[in-house]
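K.L.:
all I have is the shape, not the residue letters:
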């Protein structure tokens with residue numbers, strides 16, 4: 001069935017439209033003028049029209065469906081006529097779109113993923129040779145937040161070619177790649193043989209890196225088992241079962257600070273442990289015991305903030321949510337840094353060598369590349 005406009009009428013500051021499938025829309029006059037197809041440059045597609053050049057009382061002199069089937073509006077200002085494609089109007093109708101039930105794209109997971117790790121694994125050479133496999137990798141990263149690339153080269157910096165298939169790599173002061181090895185006088189606990197609690201990287205940035213890629217070159221030491229937890233799944237559990245804890249984690253900011261002694265910058269940022277999108281879906285999980293600064297929330301909130309943080313932290317390490325695995329040389333552990341928290345057990349540096357190289361890519365690059373390839 002072709003969906004067309006069956007009736008148009010003016011109503012206050014907008015047009016009421018009835019469609020032949022029974023749906024109804026209202027289009028505000030300023031919204032229509034702002035979204036006139038001539039408002040955008042034909043090549044760059046950037047909006048060139050300046051909304052400030054019309055008054056807030058702008059309205060049509062007349063309107064109709066013309067011979068080409070387009071909604072034609074002659075405006076009372078600026079000696080201008082706009083022509084709107086009906087399909088575009090329907091696709092961008094905010095009246096109808098705001099009535100639709102939001103469906104999250106995310107597939108939440110728990111420790112049951114331990115028994116089916118093969119479902120989030122993909123071969124390095126397949127990604128390099130086949131766009132369908134690249135799409136599969138990006139889909140795993142977007143929907144599950146986690147993937148393990150298998151049998152990548154194990155030379156230093158050899159992850160660049162596969163990461164360049166996604167987009168721009170985000171540089172930080174750790175340099176790219178950063179070396180995850182045991183070093184003397186470390187400036188980060190990752191560069192030790194200690195156990196690392198599940199955490200996100202760089203929570204003291206206003207916008208922490210979206211995705212992280214840990215490329216295993218050598219892993220012959222005893223210990224050093226990797227762990228991961230779906231922070232969205234834990235947040236969803238709290239949202240369903242412990243609403244007060246969830247609301248505290250969403251509404252009261254924590255404080256994170258970079259204590260790297262090698263830096264000449266002091267980075268500090270306040271943000272809630274859980275942030276939501278406009279659709280109330282999960283956006284970020286910000287958790288790192290190691291880099292949380294002395295909290296400075298209101299005295300009346302301190303007790304409940306600590307109790308909520310304590311509950312959240314314990315669930316993020318609970319066996320029912322956490323998966324554990326050992327990275328082998330040639331594995332690239334890929335994950336959404338703002339959803340999937342990662343950690344490791346301690347390892348014995350005297351028993352062998354453990355060397356990972358790390359890279360960051362912003363979330364926009366993953367989603368943008370996936371949308372382009374699927375289109």
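P.N.:
Structure received. Predicted model only: the values in this text are computed from it and were never measured.

K.L.:
after the biggest helix by length in the chain, which helix or strand is next?
P.N.:
Determined from DSSP state H, the single longest helix within the chain is helix 299-315. Beyond helix 299-315 on the C-terminal side, the first helix or strand identified by DSSP states H and E is strand 322-325.

K.L.:
the helices in this protein, which residues?
P.N.:
Chain-ordered helices for the chain, with DSSP H as the definition, fall at 29-34, 86-91, 94-97, 124-129, 131-139, 160-163, 231-241, 243-251, 299-315, 363-374.

K.L.:
circling back to that earlier point, ok, and what's touching the longest helix of the chain?
P.N.:
Outside of helix 299-315, the residues that reach it under the criterion C-beta atoms under 8 Å, 6 or more residues apart in numbering are 197, 234, 237-238, 242, 244-245, 248-249, 252, 254, 273, 287, 289, 295, 297, 321. Backbone N, C-alpha and C define where each C-beta goes, glycine included.

K.L.:
okay, residue 184: pLDDT?
P.N.:
Residue 184 carries a pLDDT score of 55 in this model.

K.L.:
that older thread, how about the longest helix of the chain: buried residues?
P.N.:
Neighbour-count burial for helix 299-315 flags 305, 308, 309, 311, 312, 313, 315 (criterion: 16 or more other C-beta atoms under 10 Å).

K.L.:
between the helices of the chain, which one is closest to residue 3.
P.N.:
Comparing the helices of the chain by their distance to residue 3 (C-beta to C-beta), the top pick is helix 86-91, with 5.7 Å.

K.L.:
and the closest one, what's buried?
P.N.:
Within helix 86-91, the residues scored as buried using 16+ other C-beta under 10 Å are 86, 89, 90.

K.L.:
equivalent analysis for stretch 143-154, please.
P.N.:
Applying a neighbour-count criterion of 16+ other C-beta under 10 Å, the buried positions in stretch 143-154 are 144, 145, 146, 147, 148, 149, 150, 151, 152, 153, 154.

K.L.:
closest to residue 20 out of the residues you listed?
P.N.:
Comparing the buried residues of stretch 143-154 against residue 20 with C-beta to C-beta picks out residue 144 as the nearest, at 40.3 Å.

K.L.:
thinking the closest one is in contact with residue 120, fair?
P.N.:
Yes. With contact taken as C-beta atoms under 8 Å, residue 144 and residue 120 are classed as touching, separated by 6.0 Å.

K.L.:
joint contacts of these two?
P.N.:
Overlap between the neighbourhoods of residue 144 and residue 120 is empty, taking contacts as C-beta under 8 Å, 6+ apart.

K.L.:
distance to residue 110 for the helices of the chain - can I get that in JSON lines?
P.N.:
Compiled in JSON lines, the helices of the chain are given as follows (distance: least, C-beta to C-beta, whole Å):
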{"stretch": "helix 29-34", "distance to residue 110": "43"}
{"stretch": "helix 86-91", "distance to residue 110": "37"}
{"stretch": "helix 94-97", "distance to residue 110": "32"}
{"stretch": "helix 124-129", "distance to residue 110": "27"}
{"stretch": "helix 131-139", "distance to residue 110": "20"}
{"stretch": "helix 160-163", "distance to residue 110": "28"}
{"stretch": "helix 231-241", "distance to residue 110": "6"}
{"stretch": "helix 243-251", "distance to residue 110": "17"}
{"stretch": "helix 299-315", "distance to residue 110": "11"}
{"stretch": "helix 363-374", "distance to residue 110": "23"}
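
K.L.:
just the buried ones from the contacts of helix 299-315?
P.N.:
Members of the contacts of helix 299-315 that pass the buried threshold by neighbour count (16+ other C-beta under 10 Å) are listed as 197, 234, 237-238, 242, 245, 248-249, 252, 254, 273, 287, 297, 321.

K.L.:
among these, which pair sits farthest apart?
P.N.:
With distance counted by C-beta to C-beta, no two of these lie farther apart than 297 and 321, which are 26.1 Å apart.

K.L.:
now the longest helix of the chain: mean pLDDT?
P.N.:
97.

K.L.:
just the angle between it and helix 231-241, please?
P.N.:
120 degrees (axes from the mean of the first three to the mean of the last three C-alpha atoms, to 10 degrees).

K.L.:
what's the local residue count around the residue nearest to residue 157 when sequence neighbours are not counted?
P.N.:
Nearest in space to residue 157, with sequence neighbours left out and distances taken as C-beta to C-beta, 6 or more residues apart in numbering, is residue 177 at 6.2 Å. Here the number of neighbours of residue 177 (other C-beta atoms under 10 Å) works out to 22.
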